[in-house]
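Colleague: Give me the fold of what follows.
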Amino acid sequence: MKSWLRANKGFIAFLMLFGLFRTAVADWNPIPSASMHPNLLEGDVVFVNRLAFDLKVPLTDVVLAHLGEPQRGDIVTFSSPLDKTRLIKRVIALPGDTIAMQKDQLIINGQPAGYSMPANAVEAIEHVGTLQALQLTEKSGASERRIQLLPQVASSKRDFPPMTIPQGSYLMLGDNRNNSLDSRYIGLVPREMLIGRAERVLVSADIVGNWMPRTERFGMALGSP
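Modeller: Below you'll find the model as predicted:
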């Protein structure tokens, strides 16, 4: 064993440094579900900047320094407050914001979001079938993004009363509003559970279809809020 370690010490050191790099500096995150349609697709692998918000001790969640603050519209990875599962959603409300939702329309600090450029799409849901989807551009202040609604899906989560986000917490929503396990189900996300900001698609393949690479998505920037 000792001779094997000596013969492969360079490779072992590389693996250790690579592991430290992934847990402290940059990482990648495969997209396994439809919760961020139409902006992220199943089979996308996104680059995650782990230094966007905090410098942490490698292999831990111990924060050494705050490096930046999440902005409304950022796509972020974080650990679920319920079970620590890694999730990727969009920051919709910041500490101090008052937010409500009425029939899928966001109201942030008393200002209803605007919706424009409707387009039809389809979405296949396991055990349900193919549903007609509606894609819209949602604008709230300086933050703008494409979202998707599934009008046929009955859900009590299309509405929630006004709530003020406490300091150190964030409200996260999936862009696929009626098919996303987000803050409406798991609660607000504490800052210390943030992992990093997703900044671009590295590679992509159609994992729900023919597994062919989607080269047009390689390197695609996710855009600013």
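
Colleague: where in the chain is pLDDT low?
Modeller: Scanning the chain for pLDDT under 70 picks out 1-26, 59, 223-225.

Colleague: and if we set it to 80?
Modeller: 1-26, 57-62, 126-128, 223-225 (pLDDT under 80).

Colleague: And the helices in it?
Modeller: Secondary structure of the chain, counting by DSSP state H: helices at 2-7, 9-24, 183-186.

Colleague: Quick one: neighbours of L94, just the number.
Modeller: L94 has 19 neighbours, counted by other Cβ atoms under 10 Å. Any C-beta I mention is one placed from the backbone N, CA and C, and that applies to glycine too.

Colleague: now it: how far from Q71?
Modeller: According to Cβ to Cβ, to the nearest Å, L94 stands 8 Å off from Q71.

Colleague: can you check I207 too?
Modeller: Distance from I207 to Q71, by Cβ to Cβ: 30 Å.

Colleague: Could you do V189 as well?
Modeller: 15 Å.

Colleague: Just want to know which of these two has more residues nearby.
Modeller: V189 (24 against 15).

Colleague: give me the beta-bridge partners of that one?
Modeller: Y170 (DSSP bridges).

Colleague: how about it, what does it touch?
Modeller: F78, P81, S169, Y170, L171, M172, S183 (Cβ atoms under 8 Å, 6 or more residues apart in numbering).

Colleague: Format the residues you listed as a markdown table; extra columns: neighbour count and distance to L106.
Modeller: Output for those, formatted as a markdown table (neighbours: other Cβ atoms under 10 Å; distance: Cβ to Cβ, whole Å):
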| residue | neighbour count | distance to L106 |
| --- | --- | --- |
| F78 | 25 | 20 |
| P81 | 16 | 21 |
| S169 | 17 | 17 |
| Y170 | 24 | 14 |
| L171 | 25 | 10 |
| M172 | 26 | 13 |
| S183 | 24 | 12 |
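
Colleague: any idea how far G114 lies from T77?
Modeller: Counting by Cβ to Cβ, the gap from G114 to T77 is 28 Å.

Colleague: More neighbours: these two, which one.
Modeller: More crowded of G114 and T77, by other Cβ under 10 Å: T77, with 20 against 13.

Colleague: Sweet, I'm off.
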